[in-house]
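Engineer: take this sequence and fold it.
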Amino acid sequence: MRKIFFSLFFLILLSCSEKKDNIDLKFLNGIWEIQKVVLTDNSVKEYKINESVEQININKNKGTRRKVLLFYNGNFVLNNIIQEFRMEQKDKKYFLLNHTQFSEWKEVIETLNDSELVLKNEQGLEYHYKKRTDIKLGEDGKEI
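Structural biologist: Have a look, this model is predicted:
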């Protein structure tokens, strides 16, 4: 009886332990298409058709973002504007520290897995993306 009690106690203790950080940054690399933005008043702006997607590449704690313009015939064009960012980890959260010649801003990664990315900016807007696997681009922007 004691063994059963201690086994149950151990299982309960394990289930109450602190949740570990489940973000794996390797999933950040790829092509991401915006699905929706959740505004601060919890209203939602849906994006049903997108003319562009974002290519994100990360290496260690530095990365780049670029727009990929999509055409209805299946072709695409990569624009030449490369936005750089740095990654920062603080209090078990990952932040993208974005900067361009015009602006700087910070986004926290709320969710990241092989098919979904949610970024929240300093104003409280949540950007929900889905991963596109039908577009294959290398870091140089050339089709793979």
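
Engineer: what's the helix or strand for Ile49?
Structural biologist: Using DSSP states H and E, Ile49 sits within no helix or strand.

Engineer: and Lys19, what pLDDT?
Structural biologist: Here, the pLDDT recorded for Lys19 equals 40.

Engineer: I meant to write Ile81 there.
Structural biologist: pLDDT, Ile81: 87.

Engineer: and it, helix, strand or coil?
Structural biologist: coil (DSSP: H, G, I helix; E, B strand; the rest coil).

Engineer: tell me the spacing between it and Val68.
Structural biologist: Per Cβ to Cβ, to the nearest Å, Ile81 is found 11 Å from Val68. Yep, even glycine has a C-beta here, placed from its N, CA and C like the rest.

Engineer: neighbour count for those two, which is higher?
Structural biologist: For Ile81 versus Val68, neighbours defined as other Cβ atoms under 10 Å are more numerous around Val68 (20 against 9).

Engineer: could I get the buried residue list for the helix or strand where that one lies?
Structural biologist: Under the criterion of DSSP H and E, Val68 resides in strand 62-70. Under the neighbour-count criterion of 16 or more other Cβ atoms under 10 Å, strand 62-70 has Gly63, Arg65, Arg66, Lys67, Val68, Leu70 buried.

Engineer: can you tell me which of those residues is closest to Asn98?
Structural biologist: Comparing those against Asn98 with Cβ to Cβ places Arg65 closest, at 7.7 Å.

Engineer: does that closest one really touch Val53, like I thought?
Structural biologist: No. Contact criterion Cβ atoms under 8 Å: Arg65 and Val53 do not qualify, at 10.7 Å.

Engineer: hmm, back to that, parallel or antiparallel, which strands does the strand holding Val68 pair with?
Structural biologist: Here strand 62-70 has these sheet partners by DSSP bridges: strand 52-59 (antiparallel), strand 76-78 (antiparallel), strand 83-90 (antiparallel).

Engineer: for Gln123, find the nearest of those strands.
Structural biologist: Of these, nearest to Gln123 by Cβ to Cβ is strand 83-90, at 17.3 Å.

Engineer: distance to Asp41 and mean neighbour count added to the strands paired with strand 62-70, as CSV?
Structural biologist: Shown next, in CSV, are the strands paired with strand 62-70 (distance: least, Cβ to Cβ, whole Å; neighbours: other Cβ atoms under 10 Å):
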stretch, distance to Asp41, mean neighbour count
strand 52-59, 25, 18
strand 76-78, 34, 15
strand 83-90, 27, 14
